[in-house]
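J.: Show me the folded form of this:
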Amino acid sequence: MEKGYVQVYTGNGKGKTTASLGLALRCVCAGNKVFMGQFMKGQDYSEKKAEDLLEGMTMEQFGDVHFIQGEPSAEDRAMAARGLERMKEVLLSGEYDLVIFDEVNTSMFFKLLSADEVIHLIKQKPERTEVVLTGRYAPDEVIEFADLVTEMREIKHYYNAGVDARTGIEK
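T.: Residues are numbered from 1 along each chain as shown. Below is the predicted model of the structure:
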């Protein structure tokens with residue numbers, strides 16, 4: 001790629017991480033390298049196996065196995081800070097064609113990270129590197145900064161009928 005852009009996948013609908021994984025698959029299948037850093041995630045999601053199955057795909061998680069409910073802990077903040085530092089190393093290395101900051105928008109919503117520090121980092125990216133930011137509640141500053149913004153909007157969801165997250169579909 002000659003020029004990389006900044007994409008945002010946000011909104012309350014299902015599919016933000018899934019969309020970024022689809023882009024990652026396309027990128028890897030074109031012979032490129034992808035790094036996905038997952039903020040606020042420490043669970044054993046099925047997509048974690050992608051790095052074992054797809055040459056050129058690397059994934060790391062920067063979170064715990066529980067979801068934040070209420071006020072984030074000091075450890076939640078520390079994991080997010082370590083994650084952003086790792087993403088800085090990855091992004092500035094120039095080694096990857098696509099760098100995905102999964103759930104970083106939600107991390108900013110919970111004030112684990114600030115929009116200013118995330119934008120400041122992304123402004124330093126190599127020209128050819130594509131960047132994707134996922135998660136609900138993308139801050140206005142991030143939306144303004146991005147080149148492409150897609151909002152996933154929930155119209156109907158089977159969770160409301162009591163269907164739990166299913167392995168291979170939601171997790």
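J.: Only C-alpha atoms from now on, for both contacts and neighbour counts.
T.: Fine.
J.: Now do the buried residues in stretch 160-171.
T.: For stretch 160-171, burial by neighbour count (16 or more other C-alpha atoms under 10 Å) applies to no residue.
J.: what's that stretch in contact with?
T.: Y45, S46, E47, Y159 (C-alpha atoms under 8 Å, 6 or more residues apart in numbering).
J.: give the contact list for A50.
T.: A50 touches M57, T58, counting by C-alpha under 8 Å, 6+ apart.
J.: Helix, strand or coil: sort out it for me.
T.: Counting by DSSP: H, G, I helix; E, B strand; the rest coil, the backbone at A50 sits in helix.
J.: Just the buried ones from the contacts of stretch 160-171?
T.: E47.
J.: Looking at the contacts of stretch 160-171, spot the one nearest V6.
T.: E47 (22.2 Å; C-alpha to C-alpha).
J.: Next, the contact list for the closest one, please.
T.: E47 touches K171, counting by C-alpha under 8 Å, 6+ apart.
J.: With just CA atoms, put stretch 143-159 into CSV.
T.: C-alpha atoms of stretch 143-159 as CSV (Å, rounded to 0.1, in the frame of the first residue of the first chain):
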residue,chain,number,x,y,z
ILE,A,143,-14.5,10.7,14.3
GLU,A,144,-13.3,14.1,13.0
PHE,A,145,-9.7,12.9,12.7
ALA,A,146,-10.5,9.6,10.8
ASP,A,147,-10.6,9.2,7.1
LEU,A,148,-13.5,6.7,7.1
VAL,A,149,-16.1,6.2,9.9
THR,A,150,-18.7,3.4,9.9
GLU,A,151,-21.4,3.2,12.5
MET,A,152,-22.9,-0.1,13.3
ARG,A,153,-26.5,0.4,14.4
GLU,A,154,-28.5,-2.2,16.2
ILE,A,155,-32.0,-2.6,14.7
LYS,A,156,-32.7,-6.1,16.2
HIS,A,157,-30.6,-8.4,18.2
TYR,A,158,-31.3,-11.9,19.5
TYR,A,159,-29.6,-11.1,22.8
